[in-house]
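Novice: Following is a predicted model, sequence given first.
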Amino acid sequence: FFFFQAEDGIRDAQESRGLGDVYKRQAKKTEYLPDEVKRLKEKLANLEDQKGELETKLEELTDEYKKLKVKFVEERDDEIEQLKKDIDDLQNRLNNLEQDLETKIKELDTANKEGKDKDAEIDDLKNDLENKQHDMNILLANKDKELDAIGEDNKNKSEAVSYTHLTLPTKRIV
């Protein structure tokens, strides 16, 4: 037995029968190579077609994404603008309410001051009334004393007394 190293690098454990065996084996290997190359080329063509389809699909999806992004951004911008308008409107309403509140507070302060002034005026009038009532009571007491004195004099004189000459204060008391 002789070991030969064939041209393809495979050692052959068969007995040597000359160079023809090596070429026969190489011929067998090359016979299936064109079919394998053809099959691989077809597979490569299919993969390239799939790659083209995927690239087209990627472009379509990218375009759709860009459109959706633009639409989303526009919608968000519209929402933001509307919210800004709503905030401005609410701020204006708040400012108006604050101004109304300030006006009402001023009116209330004025009404309170006027109320205090009226209370003081009422207190003054009450004091005047009390003083006039006191004065009137004193006058009535004095008139009663005078009447009692006149009555005593009349009893002593036994004459009838006329009360028509007595006058009461005519000023109206408030």
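Specialist: That came in fine, so what should we check first?
Novice: Quick one: the strands in the protein, in order.
Specialist: Under the criterion DSSP state E, strands of the chain are mapped to 4-5, 11-12.
Novice: Helices along this structure, start to end?
Specialist: 19-157 (DSSP state H).
Novice: so where's it uncertain?
Specialist: Scanning the chain for pLDDT under 70 picks out the ranges 1-33, 154-174.
Novice: ok, now with 80
Specialist: 1-34, 150-174 (pLDDT under 80).
Novice: quick one: Asp123 from Glu130, how far?
Specialist: Distance of Asp123 to Glu130, computed by C-beta to C-beta, to the nearest Å: 10 Å. C-betas here are computed from N, CA, C, even on glycine.
Novice: Check Leu54 too.
Specialist: Using C-beta to C-beta, one gets 108 Å for the distance from Leu54 to Glu130.
Novice: And for Thr103?
Specialist: 40 Å.
Novice: Let me know how buried Leu147 is, in neighbour terms.
Specialist: By other C-beta atoms under 10 Å, the residues close to Leu147 number 14.
Novice: cool, and Met136?
Specialist: 14.
Novice: what does Lys126 give?
Specialist: With other C-beta under 10 Å as criterion, Lys126 counts 11.
Novice: And for the one 5 residues further on?
Specialist: Taking other C-beta under 10 Å as the neighbour definition, Asn131 ends up with a count of 10.
Novice: do Glu107 as well
Specialist: Glu107 has 10 nearby residues by other C-beta under 10 Å.
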